[in-house]
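Engineer: Need the 3D shape of this:
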Amino acid sequence: MPSRRRGSRPSSRPGAVFLNDPLTGRMAELQQVQPYQARKEYLCPGCNQEIRPGVGHVVVVPLGGADLRRHWHRPCLERASKHGL
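Structural biologist: Numbers count the residues shown, from 1 in each chain. Reported below is the predicted structural model:
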């Protein structure tokens, strides 16, 4: 599981969760995507498999680099956070 630090960085979202992005090494915000919110297909950088519409997952958004956000399967992010890619 990613390291959770609540309130350690400024955010407009109360209760935001932060972690070190396994891809960039930068501080990032972790956002949960519920299945009903998942409307597009994405490629998970942890396993290089697709995340299909309707599948809940997480998004890692580097602070100051929203264009670098990546959609992950939660288990892939947990594995990458613990063991690296």
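Engineer: Please, where are all the strands along the protein?
Structural biologist: In the chain, the strands defined using DSSP state E lie at 17-20, 27-33, 42-43, 50-51, 57-62, 70-72.
Engineer: Quick check: which of the ones you listed is buried the most?
Structural biologist: Among the strands of the chain, ranked by average contacts under mean count of other CB atoms under 10 Å, first place goes to strand 70-72 (a mean of 23). Placement of C-beta: from N, CA and C, glycine included.
Engineer: Run through the neighbouring helices and strands of it.
Structural biologist: When contacts are defined as 3 or more CB pairs under 8 Å, 6 or more residues apart in numbering; DSSP states H and E, strand 70-72 packs onto strand 57-62.
Engineer: how big is the angle separating the strand it packs on from strand 27-33?
Structural biologist: Using axes from the mean of the first three to the mean of the last three CA atoms, to 10 degrees, the direction of strand 57-62 lies 160 degrees away from that of strand 27-33.
Engineer: Quick one, which of the strands of the chain gets closest to residue 84.
Structural biologist: Nearest of the strands of the chain to residue 84, taken as CB to CB: strand 17-20 at 11.1 Å.
Engineer: For residue 85, which residues are in contact?
Structural biologist: Going by CB atoms under 8 Å, 6 or more residues apart in numbering, residue 85 touches 22-23, 45-46.
Engineer: picking up where we left off before, export the strands of the chain to JSON lines and append columns for mean pLDDT and distance to residue 78.
Structural biologist: Formatted as JSON lines, these follow (pLDDT from 0 to 100; distance: least, CB to CB, whole Å):
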{"stretch": "strand 17-20", "mean pLDDT": "94", "distance to residue 78": "10"}
{"stretch": "strand 27-33", "mean pLDDT": "96", "distance to residue 78": "11"}
{"stretch": "strand 42-43", "mean pLDDT": "98", "distance to residue 78": "17"}
{"stretch": "strand 50-51", "mean pLDDT": "98", "distance to residue 78": "15"}
{"stretch": "strand 57-62", "mean pLDDT": "96", "distance to residue 78": "9"}
{"stretch": "strand 70-72", "mean pLDDT": "97", "distance to residue 78": "9"}
